[in-house]
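>>> Build me a model:
(one chain, ligands or ions: 2)
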Amino acid sequence: MPRDGFGREIDYLRISLTDHCNLRCAYCMPLTGNAFVPSDDLLTAEEIETVVRAAVAVGFRKFRLTGGEPTLRADLVDIVERLARVPGVRDLAMTTNGILLPRLAQRLAAAGLRRVNIHVDSLDPVRLARLMRWGTVEEIWAGIEAAEAAGLWPIKLNTVVARGHNEEDVVALAALTLTRDWHVRFIETMPLGVGDTAGFARARLVPNEESRARIEAALGGLDPIACEDPADEARNYRLGHGRGVIGFISPVTAPYCGTCNRMRLTADGRFHLCLLNDDELDVGGTLRSGGTSEDVARILLRAVGHKPTGHRLAVGRSTEKHEMYQLGG
Ligand code: SAM
Ligand code: SF4
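Ligands and ions are numbered 1, 2, ... in the order given. Next up, the predicted model:
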């Protein structure tokens, strides 16, 4: 397994398949003025497979498809099929807003996808539409049910909590774990880029301690769950009588850089060294000028070697060149 300059073992690659999205969450993607990657520059399914083979060769084991919205890729099932059969890929997951899962979940599971994280910020139709814009609770809920029916287990829900929008809704979402064996995870808003989405994320931060207190006041005490995976960015709990897991991902108030095991690949073929910094190494150009899997492996090892640590979220800053929809979370 490759180690970075700080001794961290890096074995997890998050692969962005597109920077397009069918939603426009207020902390992630501006409503207008987005400069999308030209479609000819998107890595093809074959190129993504080459990168994954190279990653496995140097010790990567976990892979996650993300975006933008990964389900918008017309060749998504083909991509999953290709990656699932690469020997050494131990975990293949996807982060999605779930809206297209009713038509895709069964085929994705059959192709080898193991599990999904589904993004839902509220169970209240009005508040969800205000924050995620363009989406509805019904559509996302149908996606969650489709994922469960297809055996994409465990179901994990991602909720980004934003002041004045959904801070009260953490209770209803956490209560889902009373009757379902789902993981419901609350995420603090991170400001990425220099535009309106970053301003929104900065101004609307709700510290997870506050969400936790709100849940405990309404539903009872949360019992900590012993950490199974030290690289899990969530601190996990269970309601005494609950079936599922409640997680808190707190990049702003409780940073977890010390246990980061992740590298990212952008949709146009750049290794992005840390979500919250701008450093990147190009790999698409190498793939398109006849580079081999060994060449890609060398670039990836260089990327791991240069992976930075630490961020500036405490002072409300992070990347300057990228917004969240361009990196994948
Ligand atoms: N479209 C998919 C989705 O929404 O899940 C995948 C891409 S999205 C960038 C990945 C995850 O990033 C989302 O599930 C959401 O929870 C999280 N996210 C997006 N913008 C964020 C922000 N500014 N701060 C914290 N988390 C964010
Ligand atoms: Fe789209 Fe996901 Fe960003 Fe929302 S968080 S705008 S669903 S990419």
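>>> Minimum distance to ligand 2, which residue of the stretch 201-329 of the chain gives it?
residue 325 (4.4 Å; C-beta to the nearest ligand atom). In short, each C-beta sits where N, CA and C put it, glycine included.
>>> what's the spacing between that residue and residue 149?
Look at residue 325 and residue 149: by C-beta to C-beta, to the nearest Å, they are 28 Å apart.
>>> Looking at those two, which has the bigger crowd around it?
residue 325 (27 against 13; other C-beta atoms under 10 Å).
>>> quick one: that one and residue 17 touch, right?
No: counting by C-beta atoms under 8 Å, residue 325 sits too far from residue 17 to count as a contact (12.0 Å).
>>> Between the two, which contacts overlap?
67-68 (C-beta atoms under 8 Å, 6 or more residues apart in numbering).
>>> Can you show me the helices along the stretch 201-329 of the chain?
208-219, 284-288, 293-305 (DSSP state H, counting those that start in this stretch).
>>> ok, residue 219 touching residue 239?
Yes: the pair residue 219 / residue 239 is scored as a contact, 5.6 Å apart, by C-beta under 8 Å.
>>> Give the residues shared as contacts by those two.
Common neighbours of residue 219 and residue 239 (C-beta under 8 Å, 6+ apart) are 174, 178.
>>> and residue 126, how many neighbours?
9.
>>> just residue 59 next, same as before
Counted with other C-beta under 10 Å, residue 59 comes out at 17.
>>> Residue 267 versus the residue lying closest to it once chain neighbours are set aside, what's the distance?
In space, and not counting its chain neighbours, residue 59 is closest to residue 1: 4.0 Å by C-beta to C-beta, 6 or more residues apart in numbering. Here the criterion is C-beta to C-beta. By it, residue 1 lies 26 Å from residue 267.
>>> Mind checking which of those two has more residues around it?
Applying other C-beta under 10 Å to residue 1 and residue 267 shows that residue 267 carries more neighbours, namely 27 against 11.
>>> Stretch 149-163 spans what distance, first to last residue?
33 Å (C-alpha to C-alpha, to the nearest Å).
>>> Tell me who's in contact with the residue nearest to residue 59.
Residue 1 touches 9-11, 59, 61, counting by C-beta under 8 Å, 6+ apart.
>>> Can you turn the buried part of those into a ChimeraX selection?
To isolate the buried ones among the contacts of residue 1 in ChimeraX, judged by 16 or more other C-beta atoms under 10 Å, type:
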select :10,11,59
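>>> out of the contacts of residue 1, which are inside strands?
Under the assignment DSSP state E, those contribute nothing to strands.
>>> And residue 238, how close does it get to residue 178?
10 Å.
>>> any shared contact partners between the two?
residue 244.
>>> I'd like the distance from the residue of the stretch 201-329 of the chain closest to ligand 2 to ligand 1, if you could.
When distance is defined by C-beta to the nearest ligand atom, to the nearest Å, residue 325 is 6 Å away from ligand 1.
>>> And residue 11, by the same measure?
20 Å.
>>> just checking, that residue touches residue 58?
No: assessed by C-beta under 8 Å, residue 11 is found out of contact with residue 58, at 9.2 Å.
>>> what residues are shared contacts of those two?
residue 2.
>>> if you look at stretch 265-273, does any of it touch ligand 1?
No: residues of stretch 265-273 are not located near ligand 1 by C-beta under 6 Å from any ligand atom, the shortest gap being 11.2 Å.
>>> so what pLDDT did the residue of the stretch 51-200 of the chain at minimum distance from ligand 2 get?
Taking C-beta to the nearest ligand atom as the measure, the point where the stretch 51-200 of the chain comes nearest ligand 2 is residue 97, at 3.9 Å. Looking at residue 97, its pLDDT reads 98.
>>> and it, how many residues sit next to it?
Residue 97 - counted by other C-beta under 10 Å - has 25 other residues nearby.
>>> measure the residue nearest to residue 59 to residue 233 for me?
Using C-beta to C-beta, residue 1 is found at 18 Å from residue 233.
>>> now residue 186, what's its secondary structure?
strand (DSSP: H, G, I helix; E, B strand; the rest coil).
>>> in terms of contact, does it touch residue 159 like I think?
Yes: in this structure residue 186 lies within contact range of residue 159 using C-beta under 8 Å: 5.3 Å.
>>> so what sits against both of these two?
What both residue 186 and residue 159 touch, as defined by C-beta under 8 Å, 6+ apart, is the set 170, 173.
>>> Between those two, which has more neighbouring residues?
residue 186 (27 against 23).
>>> mind listing what the residue of the stretch 201-329 of the chain found nearest ligand 1 touches?
The nearest approach of the stretch 201-329 of the chain to ligand 1 comes at residue 329, 2.7 Å away (C-beta to the nearest ligand atom). When contacts are counted by C-beta under 8 Å, 6+ apart, residue 329 touches 14, 66, 95, 275.
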